[in-house]
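Q: below are the sequence and a predicted model; questions follow.
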Amino acid sequence: MTSTRPCRPFEWDLKRLVASFAVAGRANGFDDKTRAEIIGRVVRTYRESVQTFSQMPRMDVWYSRLTAQDIITEWSSKVDKSYRKAFEKQLAKAETKTSARALQKLTTTDANGNISFVSNPPFMEPFDEVVGAEDRDAYQHAAQAALVDYRRSLISDRRVLFSGYRVVDLARKVVGVGSVGTRCWVMLLMADQDESDVLMLQLKQAEASVLEKYLGPSRAHHHGRRVVEGQRVMQAASDILLGWTQVSVKGQEVDFYVRQMWDWKDSADIATMDATALEIYAHMCGWTLARAHSRSGDRVALAGYLGTSNTLDRVLTGFAEDYADQNAKDYAALQAAASAGRIEVAASGW
């Protein structure tokens, strides 16, 4: 089947990845040569991995995984013992990041045993503090309708799982930098027959993709659905409760995607990595992106386009450093605006 619709250029993802490593390398104090080696590792691993995936059966590509045990087995001998211990500690920490842990951190219990989200503006604001009395009924009705819509987006067996929970509380929560300025809510649910069985969901506003300016409107008319379906295709293991919904209040319709608040999710502690550790991480990220593109696109055509020379490695290393230069200028401008009082800066309380 052919289509005249333009596809997302693969190099946009790759450029974003290498730029991130250029910024991280500078933040960690690495010199030009070291950064070039790390950035080059990202591109080389990506390019070589695409070549490998292009020769594999499609099902084998789909089932390819990079597990925590793979990381320990393959790379633990290449880093200092302290990094191995730090990784194992980070892994153990991730395994504790569940809804039960979020319950301990983000909620409070009153004298009657009622559980609700803590108030810590502007980072966490319970529903009653955000919505005035005159709008409360409208928002509560919209929230119930949104849950019905969300349940429909789940795979059938997940609908059965979700149907055993009821909503206890709702709060607005500030999350990552990329979500600042958009709507983000957290929802606390409990099992019908066991109040110690909790589920924490995060509803994040999904707006039109920035790529639509160049590629046209998405085929998914619901932006939350676009995000979810993209993750399901590209990720080896997605959140089992990943879904989407739409909230309509006072005639305004807002798209959201929904996921578990904490589901063994964690991030690499890049700031503590030495050059060896960061290069290993670069290798893993390059492989992971190659796997995602090989699952979602034409891996054989991509392999042919990339070729086997290191030309792309050198070109993207230069791009990454140029991007890092601009990033430094932007950050300096931000600091100047904060110092002059033109913007207000708040440190995270979480």
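A: Cool, the structure landed.

Q: drop to CA atoms for contacts and neighbour counts, all remaining ones
A: Fine.

Q: and the strands in this structure, which stretches?
A: 107-109, 115-117, 124-126, 165-173, 184-191, 194-205, 243-249, 252-260 (DSSP state E).

Q: redo the ones you listed as JSON lines? Include mean neighbour count and mean pLDDT.
A: JSON lines is the format used below for the strands of the chain (neighbours: other C-alpha atoms under 10 Å; pLDDT from 0 to 100):
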{"stretch": "strand 107-109", "mean neighbour count": "14", "mean pLDDT": "86"}
{"stretch": "strand 115-117", "mean neighbour count": "19", "mean pLDDT": "87"}
{"stretch": "strand 124-126", "mean neighbour count": "21", "mean pLDDT": "90"}
{"stretch": "strand 165-173", "mean neighbour count": "19", "mean pLDDT": "89"}
{"stretch": "strand 184-191", "mean neighbour count": "21", "mean pLDDT": "90"}
{"stretch": "strand 194-205", "mean neighbour count": "18", "mean pLDDT": "87"}
{"stretch": "strand 243-249", "mean neighbour count": "22", "mean pLDDT": "87"}
{"stretch": "strand 252-260", "mean neighbour count": "20", "mean pLDDT": "90"}
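
Q: closest to R151 out of those?
A: strand 243-249 (7.7 Å; C-alpha to C-alpha).

Q: and the closest one, what does it pack onto?
A: Secondary-structure packing of strand 243-249 (3 or more C-alpha pairs under 8 Å, 6 or more residues apart in numbering; DSSP states H and E): helix 136-153, helix 223-234, strand 252-260.

Q: quick one: the shortest one to strand 184-191, angle?
A: Computed with axes from the mean of the first three to the mean of the last three C-alpha atoms, to 10 degrees, the direction of strand 252-260 lies at 60 degrees from that of strand 184-191.

Q: need the residues that contact strand 252-260.
A: Applying C-alpha atoms under 8 Å, 6 or more residues apart in numbering, the contact partners of strand 252-260 are 99, 150, 199-207, 222-225, 227-228, 239, 241-248.

Q: equivalent analysis for the longest one, please.
A: The set of residues that contact helix 136-153 without belonging to it, under C-alpha under 8 Å, 6+ apart, is 128, 131, 159, 162, 243-250, 258.

Q: which one of those sits closest to D110?
A: D128 (15.7 Å).

Q: separation between that closest one and Q140?
A: Counting by C-alpha to C-alpha, to the nearest Å, the separation of D128 from Q140 is 11 Å.

Q: the more surrounded of the two?
A: Q140 (15 against 12; other C-alpha atoms under 10 Å).

Q: mind checking how far that one is from R232?
A: From Q140 to R232 the distance is 30 Å (C-alpha to C-alpha).

Q: run a quick neighbour tally on G132.
A: For G132, using other C-alpha under 10 Å, the count is 11.

Q: start at 598, not 1
A: Right, with 598 as the first residue, what we last looked at is G729.

Q: need the pLDDT of it.
A: Note for G729: predicted pLDDT of 76.

Q: got the contact list for it?
A: No contacts exist for G729 under C-alpha under 8 Å, 6+ apart.

Q: quick check on it: phi, psi?
A: phi -70, psi 160 (degrees, to the nearest 10).

Q: which residues of the protein score low on pLDDT?
A: 598-605, 680, 684, 687-696, 773-777, 846, 860-864, 943-947 (pLDDT under 70).

Q: got the domain ranges for the protein?
A: Annotated domains of the chain cover 625-639+647-689+866-910, 696-857 [automatic domain parsing].
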